[in-house]
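Asker: Fold the stuff below for me.
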Amino acid sequence: MYLTDLTFLEDGNSDKRGELVNYKKCALMADTLRKVKQYQLSGYDNLAPDVKLLSTFARTASHAPPPPPSPILLSACRAAPSTQRQ
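Answerer: The predicted structure is shown next:
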């Protein structure tokens, strides 16, 4: 989201207003970059795995049938020379 904000700030505002620097643009960009820096400083140390979700996923995934081959893969296999088939 912040990259979008920075893109619109850069593209939608001129660098100068007449012969003066557009300080409003600079202030808006600085505010957005300050927010990015704030989120970069916070670590991921306080995140804990969701044990219930992980066990449900592992139990479900181990019993799931494999997905069927895609039609594109099947047509590619039919079109391939027979020397490449194994």
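Asker: which ones are touching residue 41?
Answerer: Neighbouring residues of residue 41 by C-beta atoms under 8 Å, 6 or more residues apart in numbering: there are none. All C-beta atoms are positioned from the backbone trio N, CA, C, and that covers glycine.
Asker: Helix or strand next in line after the strand or helix carrying residue 40, which one?
Answerer: Element membership of residue 40 [criterion: DSSP states H and E] is helix 23-41. For helix 23-41, the following helix or strand on the C-terminal side (DSSP H and E) is helix 51-63.
Asker: Let me see the mean pLDDT of that following helix.
Answerer: Taken as a whole, helix 51-63 carries a mean pLDDT of 86.
Asker: CA-only coordinates of that helix in PDB, if you can.
Answerer: Output in PDB follows, covering the C-alpha atoms of helix 51-63 (Å, rounded to 0.1, in the frame of the first residue of the first chain):
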ATOM      1  CA  VAL A  51      -0.700 -25.000  16.500                       C
ATOM      2  CA  LYS A  52      -4.400 -25.800  16.000                       C
ATOM      3  CA  LEU A  53      -4.400 -24.400  12.500                       C
ATOM      4  CA  LEU A  54      -1.100 -26.200  11.600                       C
ATOM      5  CA  SER A  55      -2.300 -29.600  13.000                       C
ATOM      6  CA  THR A  56      -5.600 -29.300  11.000                       C
ATOM      7  CA  PHE A  57      -3.700 -28.400   7.900                       C
ATOM      8  CA  ALA A  58      -1.300 -31.300   8.300                       C
ATOM      9  CA  ARG A  59      -4.100 -33.800   9.000                       C
ATOM     10  CA  THR A  60      -6.200 -32.600   6.000                       C
ATOM     11  CA  ALA A  61      -3.200 -32.400   3.600                       C
ATOM     12  CA  SER A  62      -2.100 -36.000   4.400                       C
ATOM     13  CA  HIS A  63      -5.400 -37.500   3.400                       C
END
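Asker: Give me the distance between residue 57 and residue 63.
Answerer: As judged by C-beta to C-beta, to the nearest Å, residue 57 and residue 63 stand 11 Å apart.
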